[in-house]
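Enquirer: For reference, the sequence and a predicted model appear below.
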Amino acid sequence: IIIGSADGTADVWDLSGSWPPLARISTRSAAVTAAALDAGGNLAVTGSNDGMVRVWTVHPRKLVARHLAPGTDLNGDLITAVAFDPSPTRRNRVLLALGFTGMAQIWDWRNGQTPVQLGQPVQGPDGLVVVKQLYGAAFSPNGQLVVTAHRDKVARLWDAGRGRLVHTLAGHTGIVYNVAFSADGAHVVTAGGDGTARVWRTATGQLLQTLVGQGSALRAASFSRDGRLIAAGDARGATLVWEVASGRLLAVLHRHADSVNSTAFMDDGHIVTASDDGTTKRYPCDTCGSLADLLVRARERDRYVQR
C-alpha cells in the first residue's frame, strides 16, 4: 500500500507494517493529498494540494513524469484522488480528480497529453471559475468507466474513453465523499455526508440498497473482493461493515481517534483503514469471512462458553 502525508512524502509499505517502509517518495513541495500504486506495485502516482501530479518508479525511486492540473487561479488545483488505469493495455493512463473545479481528467503520463476530460469548468458572473469541489474518483476494473463523487450530493458515471456522462447517481442528502466499484464492476458504492452508503447498479444507475450508519458522515467505502460486504469509515473514527444483500449492519469497529478516510478489504479477511489521526491500521474483522468461516468461529465460541 502507499500512504501520502502532509509533509510532502508518500511511503510504500508491505502489509505487515514492518519498519522501515519499502520506499519513501519525497515531492519536496506541497502535501501529498492522493497516492496510488499500479497493479504490479512498480509505479506510483502522487497528487498534491498545489495541483502537481507525479509518476514515479518505486525501485529505484525516480520521477518519470509530472503534470500540473489546471486550477481556479494561477496555481494548480487540489488533487483529491489519483488512480492508474487497471486495463493491462492502458497502464499509461492516470485518473486525476480536481478538487476545486469539480472535474476529472485522464492523463497519459507517457506522452503528457490529457485526452479525456470528465465535466466542464463553470464560470460565475465575474468570469472566475466556480468552486464545485470533487471529492473522489475511481476507475472501473476494466478501465472503461469512471465514477466521481461530488459536493452537489450526487455521484456521476462517465465513459472513460469519450468523457461522456453515462449516469447521475442521485439520492444522497449530503455531500458524496467517496466512491468505489465492486471487483466485477457491476456495482458502485457511494459514501455520503448524510451518514449512508448507497449501492448502485452500474449498467442502469439504479439505486439497489441504502446502508444506514450511526448518524456521522461517511468518508470512505469499499466492497469486499466477493462483493458480499461493504466497509465504510465515518467522521468519528469508526469502521462499519454491512452485508450488501440484506442491508444488515454486521459490525462497528472502533480503531481510530479521528475520521476514517480510506477503507479496503484484504483477501485474508482483514480490513485496512487510514485516518486523519495519522495512522493506517490493518486488523481482523470477525464478520468478514465466508459463511463457512463464520460458522466455524461461532461453533468455537459456543464450545468455549459451554466450558
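Expert: Structure's in. What do you need?
Enquirer: Reduced to three states, what does A44 come out as?
Expert: Following DSSP: H, G, I helix; E, B strand; the rest coil, the label given to A44 is strand.
Enquirer: number of nearby residues for it?
Expert: As a burial measure, A44 scores 23 neighbours (other Cβ atoms under 10 Å). Where C-beta positions appear, they are placed from N, C-alpha and C, glycine not excepted.
Enquirer: Could you say which helix or strand holds the closest residue to it other than its chain neighbours?
Expert: Excluding its sequence neighbours, the residue lying closest to A44 (Cβ to Cβ, 6 or more residues apart in numbering) is W56, at 4.7 Å. Element membership of W56 [criterion: DSSP states H and E] is strand 52-57.
Enquirer: Quick one: mean pLDDT over that strand.
Expert: Mean pLDDT, computed over strand 52-57, is 95.
Enquirer: Given it, what are its sheet partners and their directions?
Expert: If you go by DSSP bridges, strand 52-57 pairs up with strand 43-48 (antiparallel), strand 62-68 (antiparallel).
Enquirer: and those strands, which is most packed in?
Expert: strand 43-48 (a mean of 25; mean count of other Cβ atoms under 10 Å).
Enquirer: Now the terminal residues of stretch 103-113, how far apart.
Expert: Counting by Cα to Cα, to the nearest Å, you get 16 Å between the two ends of stretch 103-113.
Enquirer: Buried ones in that stretch, by neighbour count?
Expert: 103-109 (16 or more other Cβ atoms under 10 Å).
Enquirer: how many other residues sit next to L165?
Expert: Neighbours of L165 (other Cβ under 10 Å): 12.
Enquirer: If it is in a bridge, with which residues?
Expert: W158.
Enquirer: In contact with it, which residues?
Expert: Contact analysis of L165 by Cβ atoms under 8 Å, 6 or more residues apart in numbering lists 118, 156-159.
Enquirer: Tell me the spacing between H270 and I1.
Expert: 12 Å (Cβ to Cβ, to the nearest Å).
Enquirer: what about the two, which has more around it?
Expert: Per other Cβ under 10 Å, whichever of H270 and I1 has more neighbours is I1, with 21 against 15.
Enquirer: Tell me how many other residues crowd L22.
Expert: L22 has 14 nearby residues by other Cβ under 10 Å.
Enquirer: what does G278 give?
Expert: Neighbours of G278 using other Cβ under 10 Å come to 12.
Enquirer: again with the one 4 residues further on
Expert: For R282, the count of nearby residues is 17 (other Cβ under 10 Å).
Enquirer: next one: S29
Expert: 12.
Enquirer: now the one 4 residues further on
Expert: By other Cβ under 10 Å, the residues close to T33 number 20.
Enquirer: cool, and T202?
Expert: 20.
Enquirer: now it: how far from D77?
Expert: From T202 over to D77 (counting by Cβ to Cβ), the distance is 27 Å.
Enquirer: Same check on R90?
Expert: Relative to D77, and taking Cβ to Cβ, R90 is found at 23 Å.
Enquirer: follow-up on the earlier one: what do H270 and I1 both touch?
Expert: In terms of Cβ under 8 Å, 6+ apart, H270 and I1 are both contacted by the residues L15.
Enquirer: among the contacts of L165, who's most crowded?
Expert: Neighbour-wise, these (other Cβ under 10 Å) top out at L118, 27 neighbours.
Enquirer: give me every residue that touches that residue.
Expert: L118 neighbours (Cβ under 8 Å, 6+ apart): 103-106, 137, 146, 148, 156, 158, 163, 165.
Enquirer: and if we set it to 6 Å?
Expert: 104, 158, 163 (Cβ atoms under 6 Å, 6 or more residues apart in numbering).
Enquirer: Which of the buried residues of stretch 103-113 fall within strands?
Expert: Secondary structure from DSSP state E places 103-108 of these in strands.
Enquirer: and which of those residues is nearest to D194?
Expert: A104 (22.7 Å; Cβ to Cβ).
Enquirer: Isn't the closest one up against V94?
Expert: No. Contact criterion Cβ atoms under 6 Å: A104 and V94 do not qualify, at 10.8 Å.
Enquirer: Can you report how many residues neighbour T101?
Expert: Neighbour tally, T101, other Cβ under 10 Å: 23.
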